[in-house]
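Visitor: Please work out how this folds:
(one chain, ligands or ions: 2)
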Amino acid sequence: MLIRVSEIPDEGIQIEGAASLPHPFEDPAWTLEELSLAIEKDGSAVFVTGALAARVPLVCGRCLEPFQLRIAPEVDARFVPSPQGRAEERELGADDLGTDVYEHGLLDVGALVVTETTLAVPMKPLCREDCRGLCRLCGGNRNLTPCACEERMPDPRWAPLKGLSDRLSR
Ligand SMILES: [Zn+2]
Ligand SMILES: [Zn+2]
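Guide: Numbers count the residues shown, from 1 in each chain. Ligands and ions are numbered 1, 2, ... in the order given. Take a look at the predicted model:
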């Protein structure tokens, strides 16, 4: 969805509902579920505020199982026109943290949604807070099959007693 900045009215534009932005993501497995954005203009600067929710397929960093994560970032972005073709100004713009640029007088709402969602994807996603991960001995998924590896592991502290009980039972 491209919005011509010069056509944003004084009262701003409100975008409501994921249906108003069909298929923003390149990956068809990513789905946009909610969208509520207010787009306002102040001179040539554009402010986008609101929230969105998306569902993305991830792989758990602990048990390596694929799962769906719902991501719901708050949106608070500021855009200024791209200083076209002038390297020094471009660098100045990049130094200005939290500010993005729009090109050719057009604000790309789809690109904004993709950026906000991508930034909100956790570096080490977990399928659930208390994911028990993989057993370091048998490699089994301990969420699914509570293996007994840890119990079977001889505890070195008991080794002398084990020897004693072996002798006694002989
Ligand atoms: Zn997991
Ligand atoms: Zn195991």
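Visitor: Can you report phi and psi for residue 114?
Guide: Phi and psi for residue 114, reported as degrees, to the nearest 10, are phi -60, psi -50.
Visitor: Ok, residue 72 next?
Guide: On the backbone of residue 72 - angles per degrees, to the nearest 10 - the values are phi -130, psi 70.
Visitor: lowest average confidence, helix or strand, in the chain?
Guide: Least confident helix or strand of the chain, by mean pLDDT, DSSP states H and E, is helix 87-95 with a mean of 50.
Visitor: For the helix or strand that that one is followed by, output the C-alpha coordinates as CSV.
Guide: Once helix 87-95 ends, the next helix or strand along the chain (criterion: DSSP states H and E) is strand 99-102. Output for strand 99-102, consisting of C-alpha atoms alone and laid out as CSV, is shown next (Å, rounded to 0.1, in the frame of the first residue of the first chain):
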residue,chain,number,x,y,z
THR,A,99,13.7,8.2,11.6
ASP,A,100,13.0,6.5,8.3
VAL,A,101,12.8,7.9,4.8
TYR,A,102,10.2,7.7,2.1
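Visitor: Residue 112: what secondary structure?
Guide: Under the three-state scheme (DSSP: H, G, I helix; E, B strand; the rest coil), the conformation of residue 112 reads as helix.
Visitor: Run through the residues of this structure sitting next to ligand 2.
Guide: Applying Cβ under 5 Å from the ion, we find that the chain lies next to ligand 2 at 135, 137, 138, 140, 147, 149. For every residue, glycine as well, the C-beta is placed using N, CA and C.
Visitor: tally of neighbours for the nearest residue to the last one once chain neighbours are set aside?
Guide: Read that as residue 149. Distances taken as Cβ to Cβ, 6 or more residues apart in numbering place residue 137 nearest to residue 149, at 3.9 Å, with adjacent residues excluded. When neighbours are counted by other Cβ atoms under 10 Å, residue 137 registers 12.
Visitor: pretty sure residue 137 contacts residue 148?
Guide: No: when contacts are counted by Cβ atoms under 8 Å, residue 137 is not listed as touching residue 148 (9.9 Å).
Visitor: on that earlier part again, find the helix or strand that the residue nearest to residue 149 is a member of.
Guide: With elements taken from DSSP H and E, nothing contains residue 137; it lies in neither a helix nor a strand.
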